[in-house]
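> Sequence isn't available, so here's the structure alone:
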Ligand SMILES: CC(C)[C@H](C(=O)O)[C@@H](O)C(=O)O
Ligand code: SF4
């Protein structure tokens, strides 16, 4: 039986050579590109008179700056227009596939790759974006990279990297009703810390992860970087296969699918795999989580008290005090009842079809609270089309949500979707740093899509388990056109 982890195996298969620096040069199977981090790298290539080495393994989309309301060109914001035009020029010059808004495929880079079947098990995937770990949900080694590395990959389709250690995170038991993948990863980060994963790649497994759908696994892997890990992945299995079978990449090519499936099975970490560290988390004890501070690690179960900074380990006290001064929460009290001004259902963490369905079960037949501004920003045009085909847009609109066009939107406020003043936002995204959502006094509470929906209708942080759910979970991949 193999003692290798998937990480070791896939790394070795992609290693071109070891460099004098001690780093390994790895072949890159998929290079994803977006409008914010690519222009400078394309510029560097142009300066040296180099061409894109493998346009066939490069794929672009526009997500961070695209407006989610009026998308007529030129965009109202000059900086957005210029980034978009530059991406259009760069992909046109290099014959790179581009999910332009006119194609019906545009969306957040970490949503479009998996939904089109571009992201596959046993691949190396890179993107100039820190949440590239999302693609690890498929058993790919997926890394966020910086500008000079984007340049290197454009020019050579390889990258120089150091190998990390592997920590297995085993989530045991079964999740309670109302507890989701988002709560799992927020709990993991709370327990291990935002820098607990430094020097590691996380392999997520155990019964809770095995029982998750692909969307849930993507949510977990997406936030690996918020826990300090260089990447995160899940071993591929039948759930992975079922997702991929229905994508553009394989829908009409069952033979290629079967061939690759053998490879995918061969790379799984063996039952005797040796890890540098193993951590076990009791999944049955996880509660719906909500952040009280300004890092993704500062969260509590919704019924648990917000910690008193004095009760925390010494190194965390000042940070916690400053965070609580910013958010205005009261130590010793639970987050329940904390008033919310904005509800944001979006981002590469939680804006896939399953997330929207999940939130819709809370929203159906209810109305957004009078003091709340609520928006749904689907992760991609395909997510939006599928959601519209089953009437989810109407569920949200009827309740008083705005139904927007896809993009990163209020996750980081690089377009017009921003908090105003010290507004409090219940958000399904992944970062709650000061100023993250466009206003430096703004306050972000990270939580699951269900919890965002519950906050939207009640106007305050609410334990979603207290609200009855309407409708059933109709998650049947056969109905969906990815
Ligand atoms: C703009 C981009 C470089 C950034 C990242 O790398 O993560 C963004 O996606 C984010 O989430 O903050
Ligand atoms: S949705 Fe948010 S976290 Fe994801 S890529 Fe966009 S800005 Fe980054």
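Yep, it's here. Keep in mind that what you see is a predicted model, and the values were worked out from it rather than measured. Ligands and ions are numbered 1, 2, ... in the order given.
> Residue 274 - how many residues pack around it?
Residue 274 has 13 neighbouring residues, counting by other Cβ atoms under 10 Å. Placement of C-beta: from N, CA and C, glycine included.
> What sits closest to it if chain neighbours are left out?
Residue nearest to residue 274 in three dimensions, not counting chain neighbours: residue 3, with 5.5 Å by Cβ to Cβ, 6 or more residues apart in numbering.
> quick one: residue 55 from residue 410, how far?
Look at residue 55 and residue 410: by Cβ to Cβ, to the nearest Å, they are 33 Å apart.
> how many neighbours does the residue in the chain that ligand 1 sits nearest to have?
In the chain, no residue comes nearer to ligand 1 than residue 130, which is 3.5 Å away by Cβ to the nearest ligand atom. Residue 130 has 17 neighbouring residues, counting by other Cβ under 10 Å.
> which residues does the spatially closest residue to it that is not a sequence neighbour bridge with?
Leaving aside its sequence neighbours, residue 130 sits nearest to residue 144 (Cβ to Cβ, 6+ apart; 4.1 Å). Beta-bridge pairing for residue 144 (DSSP bridges): residue 127.
> And the pLDDT at residue 144?
The model reports residue 144 with a pLDDT of 98.
> for the residue nearest to residue 274, what are its contacts?
Contacts for residue 3 (Cβ atoms under 8 Å, 6 or more residues apart in numbering) come out as 270, 272, 273, 274.
> biggest separation within those, which pair?
270 and 274 (9.3 Å; Cβ to Cβ).
> continuing past the longest helix seen in the chain, what's the next helix or strand?
In the chain, taking DSSP state H as the definition, the longest helix is helix 78-94. As assigned by DSSP states H and E, the chain's next helix or strand after helix 78-94 is strand 97-99.
> and that next one, how far out from the chain's middle?
Taking Cα atoms, centre = their mean, to the nearest Å, one finds strand 97-99 lying 20 Å from the centre of the chain it belongs to.
> Next up, phi/psi of the residue of the chain closest to ligand 1, please.
phi -70, psi -20 (degrees, to the nearest 10).
> Starting from residue 227, give me the distance back to it.
Counting by Cβ to Cβ, the gap from residue 130 to residue 227 is 12 Å.
> which residues touch the longest strand out of those in the chain?
The residue-count maximum for a strand in the chain (DSSP state E) belongs to strand 165-172. Strand 165-172 has contacts (Cβ under 8 Å, 6+ apart) with 5, 7-8, 184, 188, 197, 199-209, 229, 273, 275-284.
> centre of the chain versus the next helix or strand after it, how much separation?
Where DSSP H and E defines the elements, the next helix or strand beyond strand 165-172 is helix 181-192. Distance, stretch centre to chain centre, for helix 181-192: 14 Å (Cα atoms, centre = their mean).
> mind listing what's buried in helix 181-192?
Within helix 181-192, the residues that count as buried by 16 or more other Cβ atoms under 10 Å are 181, 182, 183, 184, 185, 186, 187, 188, 189, 190, 192.
> now do stretch 59-75
59, 60, 61, 62, 63, 64, 65, 66, 67, 68, 75.
> I figured the fifth one hits residue 35, correct?
Going back to what we said before, that points to residue 63. Yes - with contact defined as Cβ atoms under 8 Å, residue 63 reaches residue 35; the gap is 7.5 Å.
> how much space between the residue of the chain closest to ligand 1 and residue 231?
Taking Cβ to Cβ, one finds residue 130 at 11 Å from residue 231.
> Then residue 364?
Residue 364 is 37 Å from residue 231, by Cβ to Cβ.
> More neighbours: those two, which one.
residue 231 (26 against 18).
> Please name every helix or strand in contact with the strand or helix carrying residue 45.
Residue 45 belongs to helix 39-47 when assigned by DSSP H and E. If contacts are counted by 3 or more Cβ pairs under 8 Å, 6 or more residues apart in numbering; DSSP states H and E, helix 39-47 sits against helix 78-94, helix 147-156.
> most tightly surrounded among these?
Burial of the helices and strands packed on helix 39-47 is given as mean neighbour count (mean count of other Cβ atoms under 10 Å); helix 147-156 ranks first at a mean of 20.
> what separates it from the chain centre, distance-wise?
So, by Cα atoms, centre = their mean, the centroid of helix 147-156 is 23 Å from its chain's centroid.
> Name the SS class of the closest residue to residue 17 other than its chain neighbours, please.
Excluding its sequence neighbours, the residue lying closest to residue 17 (Cβ to Cβ, 6+ apart) is residue 25, at 5.5 Å. Recorded secondary structure, residue 25: strand (DSSP: H, G, I helix; E, B strand; the rest coil).
> Show me how the protein divides into domains.
Following automatic domain parsing, the chain resolves into domains at 6-267, 289-471.
> In CSV: those, plus distance to ligand 2.
Putting these into CSV (distance: least, Cβ to the nearest ligand atom, whole Å) gives the following:
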stretch, distance to ligand 2
domain 6-267, 5
domain 289-471, 3
